[in-house]
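Asks: show me the folded form of this:
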Amino acid sequence: MAQGFLALILHAHLPYVRHPEHEYSLEEKWFFEALTECYIPLLMVMEGMRGDGVNFRLTFSLSPTLLAMMEDPVLRERYERYLQRLQNLARLEVERTKEDGAFAPLAAMYRDHFDAVAAYCRRYGGRMVGAFRKLAEENFLEMITCASTHAYLPLLGLQKEAVYAQAANAVHYHSALFGEPPRGIWLPECAYFQGLEHILGELGLQYFIMATHGVLYAAPRPKYGVYSPILTPGGVAAFGRDPETSKQVWSAQEGYPGDYDYREFYRDIAYDLPLNYVGPHLHPPGMRTDTGIKYYRITCEGLEYKEPYDPHRAREKAAVHAGNFMFNREQQVKYLAPIMGRPPVIVSPYDAELFGHWWFEGPQWLDFLCRKIAYDQQHVKLITPGEYLDLGFPLQLASPNPSSWGDKGHHEVWLNGTNDWIYRHLHRAAEEMTALATAYPDAQDLQKRALNQAARELMLAQSSDWPFIMNSGTMVEYARQRAVNHLVRFRSLLRQVRDGTIDAEWLDRLEEADNLFPHLDYCLFQSLETTVPREIAAVVS
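Replies: Residues are numbered from 1 along each chain as shown. Have a look, this model is predicted:
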């Protein structure tokens with residue numbers, strides 16, 4: 001057995017931004033960018049390692065809303081057209097820069113990249129879920145789930161039924177797509193509240209991921225800190241985030257992505273070149289938004305002047321940084337193992353979108369790291385949280401500390417003066433949904449469709465993305481409108497169910513517009529009490 005273990009966990013999530021009512025949607029571009037720059041490059045890296053016989057193990061969380069978009073035929077078709085525009089633009093750039101010794105190789109690099117992404121999509125018929133499932137079935141990935149619409153669970157905890165429905169539907173949807181239930185769950189924003197583990201345990205989940213202080217400040221204090229999971233009172237294990245690996249990759253001051261040899265994210269040809277040249281290839285056409293074609297390296301933080309990007313130099317730096325990361329993990333386990341008397345597990349969770357989108361060289365770094373761990377040392381072994389639990393080490397019983405990995409470590413990002421207005425509406429809506437789900441346990445036909453759609457609209461309104469965007473100050477009106485629209489649709493549906501006046505044509509349109517989770521069962525919102533609470537009966541009447 002290795003002296004210690006490294007659990008690399010990538011969490012991929014985007015809000016549900018499907019807008020078939022518009023020919024071009026700026027929000028849908030978030031999804032298309034992530035596919036092109038992050039998810040598919042990571043898949044290609046992992047398949048490359050598999051093809052070379054590299055023994056690697058990674059944990060990947062795909063949020064249910066992201067999975068639903070990956071599965072959607074409308075978005076798959078639109079993504080194909082989006083890629084074609086990028087391929088055409090890259091070919092124009094190859095022609096435009098052919099006499100430029102610095103930029104011509106970069107233009108060719110982007111052309112080759114877009115072509116490779118398009119070919120990869122065709123190989124899987126545009127269904128990226130199949131690529132992840134294949135890697136999981138071959139035992140390279142452990143796929144875990146997340147709350148259905150990435151709801152911030154502690155702030156929904158007044159209605160436990162809402163939390164249960166978010167988690168239960170996620171488990172069901174994951175099982176349908178991957179052929180088996182998930183062993184673990186990524187709590188949205190790693191946000192935990194006391195008692196959550198009982199709901200997760202009831203659903204058969206075995207572990208979840210927490211922020212560092214969620215485990216360090218557990219009661220009683222864990223003997224092994226974050227280097228061994230704790231067993232919560234609900235029987236579910238909690239893995240704590242290692243702060244050192246977080247700083248090395250995430251920190252804007254000390255992290256690898258800020259190295260001056262890496263590609264500059266904020267300099268894109270969409271803003272450097274004439275609009276009449278790039279405009280037809282943008283999304284939406286004529287609106288200056290990033291193309292992903294970026295020709296400069298960071299050079300020096302804060303300086304407007306930028307040097308041309310050198311991919312070979314950046315690749316070498318990624319290899320150096322991967323070696324440094326591995327060396328530091330070796331030193332960690334050499335220090336911790338004798339103290340603990342068992343192999344420590346270093347849990348390193350990251351947003352997947354960092355790898356390739358924000359940090360262009362991130363997939364290369366991950367490739368180098370996995371290969372170096374496999375061949376260049378013997379002290380650290382890659383592992384998944386589920387595999388670590390299978391080793392059978394006794395776990396300390398402790399109650400985690402309420403926490404998140406957001407700014408200041410608690411709930412402030414998602415509950416402040418910019419977004420607090422939404423929660424009274426979400427809580428009231430959850431009460432009403434629970435009331436009707438409990439009152440109509442055997443709805444049929446049109447009534448059942450209306451209740452299922454009401455559950456979808458409520459879940460979409462509960463997304464943590466809307467308060468997060470409101471707090472960030474960007475796209476605020478979009479986030480506010482999305483939350484309001486879903487709540488209005490929800491209330492209209494519930495009123496129609498109560499009154500027996502369901503508008504079938506309007507329901508058809510809603511089911512087409514917000515069509516995620518085709519097998520969602522509204523009964524997941526039924527009361528968790530053994531008897532119907534008095535306030536639920538009042539709502540129904």
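Asks: from Thr212, how far off is Gln194?
Replies: Taking C-beta to C-beta, to the nearest Å as the measure, Gln194 falls 18 Å from Thr212. (C-beta placed from N, C-alpha, C; glycine too.)
Asks: sec struct for the closest residue in space to Ser246 that isn't next to it in sequence, please.
Replies: Computed as C-beta to C-beta, 6 or more residues apart in numbering, the closest residue to Ser246 that is not its neighbour in sequence is Ser348, at 7.2 Å. Following DSSP: H, G, I helix; E, B strand; the rest coil, we place Ser348 in the strand state.
Asks: ditto for Lys306
Replies: Lys306 ends up coil, using three-state DSSP.
Asks: now it: closest residue in space, sequence neighbours ignored.
Replies: Counting by C-beta to C-beta, 6+ apart, Lys306 lies nearest to Tyr296, which is 3.8 Å off, once chain neighbours are set aside.
Asks: ramachandran angles for that neighbour?
Replies: phi -120, psi 160 (degrees, to the nearest 10).
Asks: also Pro285?
Replies: phi -60, psi 140.
Asks: between Gln194 and Thr212, which is the more surrounded one?
Replies: Thr212 (20 against 14; other C-beta atoms under 10 Å).
Asks: check contacts around that one.
Replies: If you count contacts by C-beta atoms under 8 Å, 6 or more residues apart in numbering, Thr212 has them with 226, 240-243, 246.
Asks: rerun at 10 Å
Replies: Thr212 is in contact with 190, 225-226, 240-244, 246, 347, 403, 405, 409, counting by C-beta atoms under 10 Å, 6 or more residues apart in numbering.
Asks: how close does it sit to Leu494?
Replies: 41 Å.
Asks: Glu80 now?
Replies: Glu80 is 38 Å from Leu494, by C-beta to C-beta.
Asks: more neighbours, those two?
Replies: Using other C-beta under 10 Å as the criterion, Glu80 and Leu494 rank with Leu494 on top: 21 against 14.
Asks: okay, now Leu86: neighbour count?
Replies: When neighbours are defined as other C-beta under 10 Å, Leu86 has 24 of them.
Asks: wait, it touches Leu35, no?
Replies: No. Using C-beta atoms under 10 Å as the test, Leu86 is too far from Leu35 to be in contact (11.3 Å).
Asks: give me the common contacts of these two.
Replies: Val117.
Asks: for Arg509, which residues are in contact?
Replies: So Arg509 contacts 21, 503 (C-beta under 10 Å, 6+ apart).
Asks: per-domain residue ranges of this protein.
Replies: Domain segmentation of the chain under automatic domain parsing yields 4-16+32-408, 415-540.
Asks: how long is the first one end to end?
Replies: To tie it back to what came earlier, the one meant is domain 4-16+32-408. 30 Å (C-alpha to C-alpha, to the nearest Å).
Asks: could you check how far the residue of the chain most remote from its centre is from His519?
Replies: The outermost residue of the chain relative to its centre, with distances by C-alpha atoms, centre = their mean, is Glu99 at 41.3 Å. Separation of Glu99 from His519 (C-beta to C-beta): 57 Å.
Asks: shaky segments in the stretch 201-350 of the chain?
Replies: 252 (pLDDT under 70).
Asks: let's see that with 90 instead.
Replies: 246-248, 250-254, 300-304 (pLDDT under 90).
Asks: the helices in it, which residues?
Replies: 212-216, 243-250, 269-272, 275-278, 311-340 (DSSP state H, counting those that start in this stretch).
Asks: which neighbouring elements make contact with the longest one?
Replies: Which is helix 311-340. The contact analysis (3 or more C-beta pairs under 10 Å, 6 or more residues apart in numbering; DSSP states H and E) places helix 311-340 against strand 4-12, helix 104-123, helix 243-250, strand 345-351, helix 362-375, strand 380-382.
Asks: could you list the residues in contact with the helix or strand following the last one?
Replies: Once strand 380-382 ends, the next helix or strand along the chain (criterion: DSSP states H and E) is helix 385-390. Taking C-beta under 10 Å, 6+ apart as the criterion, the residues outside helix 385-390 that touch it are 5, 7, 9, 57, 59, 139, 142, 144, 182-184, 206-209, 228-229, 231, 237-239, 343, 345, 347, 349, 381, 383-384, 395.
Asks: make a PyMOL selection of the buried ones in the residues you listed.
Replies: Command for PyMOL that selects the buried part of those, burial taken from 16 or more other C-beta atoms under 10 Å:
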select buried, resi 5+7+9+57+59+142+144+182+183+184+206+207+208+209+228+229+231+237+238+239+343+345+347+349+381+383+384+395
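Asks: in this protein, which spans are strands?
Replies: For the chain, applying DSSP state E gives strands covering 4-12, 58-62, 141-146, 184-186, 207-210, 230-231, 237-240, 345-351, 380-382, 396-397.
Asks: mind putting those strands in TSV, distance to Arg127 included?
Replies: What follows is the strands of the chain, written out as TSV (distance: least, C-beta to C-beta, whole Å):
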stretch	distance to Arg127
strand 4-12	15
strand 58-62	13
strand 141-146	15
strand 184-186	22
strand 207-210	27
strand 230-231	38
strand 237-240	30
strand 345-351	23
strand 380-382	27
strand 396-397	42
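Asks: rewinding a little: between the helices and strands packed on helix 311-340, which gets nearest to Glu512?
Replies: helix 104-123 (24.4 Å; C-beta to C-beta).
Asks: may I have the closest one exported as PDB, CA atoms only?
Replies: Only the C-alpha atoms of helix 104-123 are listed here, as PDB (Å, rounded to 0.1, in the frame of the first residue of the first chain):
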ATOM      1  CA  ALA A 104       0.700  31.900 -37.400                       C
ATOM      2  CA  PRO A 105       1.600  28.800 -35.200                       C
ATOM      3  CA  LEU A 106      -1.100  29.900 -32.700                       C
ATOM      4  CA  ALA A 107      -3.800  30.300 -35.300                       C
ATOM      5  CA  ALA A 108      -2.900  26.800 -36.500                       C
ATOM      6  CA  MET A 109      -3.100  25.500 -32.900                       C
ATOM      7  CA  TYR A 110      -6.600  26.900 -32.500                       C
ATOM      8  CA  ARG A 111      -7.700  25.500 -35.900                       C
ATOM      9  CA  ASP A 112      -6.400  22.100 -34.900                       C
ATOM     10  CA  HIS A 113      -8.100  22.300 -31.500                       C
ATOM     11  CA  PHE A 114     -11.500  23.200 -32.800                       C
ATOM     12  CA  ASP A 115     -11.200  20.500 -35.400                       C
ATOM     13  CA  ALA A 116     -10.300  17.900 -32.800                       C
ATOM     14  CA  VAL A 117     -13.200  19.000 -30.500                       C
ATOM     15  CA  ALA A 118     -15.600  18.700 -33.500                       C
ATOM     16  CA  ALA A 119     -14.300  15.200 -34.400                       C
ATOM     17  CA  TYR A 120     -14.600  14.100 -30.700                       C
ATOM     18  CA  CYS A 121     -18.200  15.200 -30.700                       C
ATOM     19  CA  ARG A 122     -19.000  13.300 -33.800                       C
ATOM     20  CA  ARG A 123     -17.500  10.200 -32.400                       C
END
